[in-house]
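Undergrad: Everything below, folded, please.
(one chain, ligands or ions: 1)
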Amino acid sequence: MRAIDLIRKKRDGGELSAEEVRFLIEGYVGGDVPDYQMSAFCMAVFFQGMGEREIWALTEAMRASGATVRFDVEGFVADKHSTGGVGDKVSLVLVPLMAAAGLYMPKLSGRGLGHTGGTIDKLESIPGLRTRFSLEEFRRLVERHGAAIAESSEEIAPADHKLYALRDATATVESIPLIVGSILSKKLAVESQGLVFDVKTGAGALLPQLPRARRLARLLVAIARRSGRRAAALLTDMSQPLGFMVGNALEVREAIETLQGRGPRDLEEVCVSLGAELLLMAQAAPTAQGAQRTLRALLREGAAFAKFEEIVKAQGGDVRALHEPERFLPKAQETVELKAKRSGYVRRLHARLLGEAAHLLGAGRARKGEAIDPAVGVELLKKVGDEVERGEPVLRLHVNDRGRLPEALRRAERAVRLSRAPAVPPSLVRGRIV
Ligand code: URA
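TA: Now for the predicted structure:
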């Protein structure tokens with residue numbers, strides 16, 4: 001077999017066999033297929049797409065390039081993946097919530113990417129908390145506490161690490177088959193019985209257009225099932241940020257409030273809706289409504305928060321930060337408010353632009369490995385559909401470095417649109433794929 005023949009076959013719209021896909025992936029990881037040939041292959045896939053069988057073969061070949069993690073437990077092991085968004089702190093809530101409901105939740109997460117935040121960066125704003133563990137330590141944490149949140153390891157799907165960097169440099173990140181292979185190769189390397197996908201749609205999402213997001217969601221579910229997992233996906237709104245906080249420590253604060261049953265309505269709804277899918281898969285609830293009631297009770301009655309406390313403590317974090325976040329979580333030196341220039345209704349809070357504003361304040365990194373500022377970010381004081389009076393604050397920027405403010409403020413101003421006529425808030429869950 002030769003790489004050039006497989007590139008040509010894909011370029012001309014042919015379907016590769018599992019053996020051919022494996023040849024390319026193994027060759028690429030082993031150094032026999034060079035970057036330039038893999039780049040050409042990615043571009044061919046970008047234009048010609050891949051069938052379900054090919055995507056499955058790609059996913060399995062990438063997963064098999066690294067380690068897998070197995071758990072020696074009796075209960076239902078579940079996992080969740082979000083395609084990423086702005087203010088998306090769902091994992092911080094969902095992982096302890098589902099562990100409080102009796103499921104095992106091994107969560108390997110990433111750092112911030114572009115305008116979107118990353119669970120690991122957020123969690124690390126809790127003083128002392130460790131997120132780097134060997135896979136063996138990770139396994140033990142999950143078996144003992146029902147859940148752990150750790151940084152995704154290089155040992156998991158190394159083919160994806162190499163391929164993602166190549167796609168990033170060759171404008172092929174947005175290819176749906178390549179996205180599916182990338183996401184699922186990592187997810188399937190961690191043993192679980194059930195997977196739920198939170199596929200975002202709207203201005204701040206990886207795939208802003210609903211039809212493309214739906215196609216991604218369908219494929220994630222279909223390929224996960226081919227690999228023997230139960231799976232479901234929700235399409236959720238990312239036209240405006242989720243909740244009110246964007247920025248690492250700010251988001252941890254909001255997650256704590258949600259775990260205590262007093263979080264924003266939209267964030268709680270997304271968490272409870274995703275969680276209900278997992279409870280149904282685990283056959284731990286008879287109906288989605290029943291599952292949602294159980295999960296809301298775990299939030300209201302303190303069980304989810306208690307589980308989060310246990311996880312944070314097990315990972316070396318200072319639990320005082322959970323009880324007194326004002327005192328023990330990083331806090332910016334000053335805040336600057338953006339006020340409404342006229343009375344009306346909030347029509348738009350553009351998620352990507354607000355993510356960029358937070359990023360410009362220092363919440364994200366421009367280059368891999370750069371330090372971030374956990375304290376800074378953007379706080380929404382209104383959501384789409386809310387009424388505002390002229391002069392009333394709409395956003396609050398949490399700032400440490402005044403030099404970063406003008407650019408961030410400009411981005412934040414562009415994100416906000418007001419209208420005279422009442423504006424309708426976007427519906428939160430746009431679709432369900434089961
Ligand atoms: N997230 C991933 O893990 N991979 C992609 O290709 C895109 C988003």
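Undergrad: Leu280: what's it in contact with?
TA: Neighbouring residues of Leu280 by C-beta atoms under 8 Å, 6 or more residues apart in numbering: Ala232, Thr287, Ala288, Ala291. C-beta coordinates here come from the backbone N, C-alpha and C atoms, glycine included.
Undergrad: Make a markdown table out of those and add neighbour count.
TA: Output for those, formatted as a markdown table (neighbours: other C-beta atoms under 10 Å):
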| residue | neighbour count |
| --- | --- |
| Ala232 | 22 |
| Thr287 | 11 |
| Ala288 | 16 |
| Ala291 | 23 |
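Undergrad: Show me those that map onto strands.
TA: The members of those that map onto strands under DSSP state E are Ala232.
Undergrad: burial of Gln292, as a residue count?
TA: Neighbour count for Gln292, taken as other C-beta atoms under 10 Å: 17.
Undergrad: element containing Arg130?
TA: Following DSSP states H and E, there is no helix or strand that holds Arg130.
Undergrad: and if you look at the one 3 residues further on?
TA: Secondary structure from DSSP H and E places Phe133 outside every helix and strand.
Undergrad: same question, the one 4 residues further on
TA: In the assignment (DSSP H and E), Glu137 maps to helix 135-145.
Undergrad: Could you do Glu337 as well?
TA: strand 334-339.
Undergrad: what pLDDT, on average, does the helix holding Glu137 get?
TA: For helix 135-145, mean pLDDT rounds to 98.
Undergrad: Against which helices or strands is that helix packed?
TA: strand 105-109, strand 147-151, helix 303-314 (3 or more C-beta pairs under 8 Å, 6 or more residues apart in numbering; DSSP states H and E).
Undergrad: By proximity to the ligand, which residue of the stretch 201-350 of the chain wins?
TA: Nearest residue of the stretch 201-350 of the chain to the ligand: Leu206, at 5.7 Å (C-beta to the nearest ligand atom).
Undergrad: sorry, back to before: helix 303-314 and the helix holding Glu137, what's the angle between them?
TA: Here helix 135-145 runs at an angle of 140 degrees relative to helix 303-314 (axes from the mean of the first three to the mean of the last three C-alpha atoms, to 10 degrees).
Undergrad: one step back: for the strand holding Glu337, list every residue counted as buried.
TA: For strand 334-339, burial by neighbour count (16 or more other C-beta atoms under 10 Å) applies to Val336, Leu338.
Undergrad: from the middle of its chain, how far away would that strand be?
TA: Offset of strand 334-339 from its chain centre (C-alpha atoms, centre = their mean, to the nearest Å): 28 Å.
Undergrad: Now do that strand, average pLDDT.
TA: The average pLDDT within strand 334-339 is 98.
Undergrad: next one: stretch 222-239
TA: Stretch 222-239 carries an average pLDDT of 98.
Undergrad: Flag every buried residue along it.
TA: 222-224, 226, 229-239.
Undergrad: Turn the helices and strands packed on helix 135-145 into TSV, columns for mean neighbour count and distance to the ligand.
TA: Putting the helices and strands packed on helix 135-145 into TSV (neighbours: other C-beta atoms under 10 Å; distance: least, C-beta to the nearest ligand atom, whole Å) gives the following:
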stretch	mean neighbour count	distance to the ligand
strand 105-109	25	10
strand 147-151	24	14
helix 303-314	20	23
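Undergrad: Adding distance to Glu337, write these out as a markdown table.
TA: Formatted as a markdown table, these follow (distance: least, C-beta to C-beta, whole Å):
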| stretch | distance to Glu337 |
| --- | --- |
| strand 105-109 | 32 |
| strand 147-151 | 33 |
| helix 303-314 | 30 |
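Undergrad: Mind checking the ones you listed for the one nearest to Gly66?
TA: Closest to Gly66 of these, according to C-beta to C-beta: strand 105-109, at 11.8 Å.
Undergrad: just to revisit the earlier point, list of residues touching the helix holding Glu137?
TA: Applying C-beta under 8 Å, 6+ apart, the contact partners of helix 135-145 are 67, 69-73, 99, 104-106, 108, 133, 147-148, 150, 153, 155-156, 307, 310-311, 314-315.
Undergrad: Repeat that for stretch 330-339.
TA: Contact with stretch 330-339 is made by 125, 248-249, 373-377, 379, 381, 391-400, 405, 409, 412-413, 416, as judged by C-beta under 8 Å, 6+ apart.
Undergrad: Excluding chain neighbours, what is closest to Leu250?
TA: Nearest residue to Leu250, sequence neighbours excluded (C-beta to C-beta, 6 or more residues apart in numbering): Gly377, at 4.5 Å.
Undergrad: about what we covered before: quick one, the helix holding Glu137 and strand 105-109 angle?
TA: Angle, helix 135-145 to strand 105-109, by the same axes, to 10 degrees: 140 degrees.
Undergrad: residues of helix 135-145 that come out buried?
TA: Within helix 135-145, the residues scored as buried using 16+ other C-beta under 10 Å are Leu135, Phe138, Arg139, Arg140, Leu141, Val142, His145.
Undergrad: Please produce TSV containing the residues you listed, extended by distance to Asp32.
TA: Converted to TSV, the buried residues of helix 135-145 look like this (distance: C-beta to C-beta, whole Å):
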residue	distance to Asp32
Leu135	27
Phe138	32
Arg139	33
Arg140	37
Leu141	37
Val142	36
His145	42
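Undergrad: Looking at those, which is nearest Leu298?
TA: For these, the nearest to Leu298 is His145 (15.9 Å; C-beta to C-beta).
Undergrad: Looking at the closest residue to that closest one other than its chain neighbours now. What's its pLDDT?
TA: Among residues not flanking His145 along the chain, Ala314 sits closest, at 5.1 Å (C-beta to C-beta, 6+ apart). The score at Ala314 is 98. That number is its pLDDT.
Undergrad: is it true that Ala314 touches Ala147?
TA: No: applying C-beta atoms under 8 Å as the test, Ala314 and Ala147 come out as separate, 9.1 Å apart.
Undergrad: This protein against the ligand: which residues are in contact?
TA: Contacts of the chain with the ligand, taken as C-beta under 6 Å from any ligand atom, map to Val173, Ile179, Ser182, Ile183, Leu206.
Undergrad: how about those, which pair is most distant?
TA: So, the residues of the chain next to the ligand by C-beta to C-beta: farthest apart are Val173 and Ile183, at 12.0 Å.
Undergrad: domains in this structure, as residue ranges please.
TA: Split into domains by automatic domain parsing, the chain comes to 3-49, 78-323, 331-419.
Undergrad: thinking again about what came up before, got the angle for the helix holding Glu137 vs strand 147-151?
TA: Interaxial angle, helix 135-145 versus strand 147-151 (the same axes, to 10 degrees): 160 degrees.
Undergrad: Tell me which residue in this structure sits closest to the ligand.
TA: For the chain, C-beta to the nearest ligand atom, closest residue to the ligand: Ser182, 3.4 Å.
Undergrad: before we move on, which element is that residue in?
TA: With DSSP H and E as the test, Ser182 turns up in helix 176-188.
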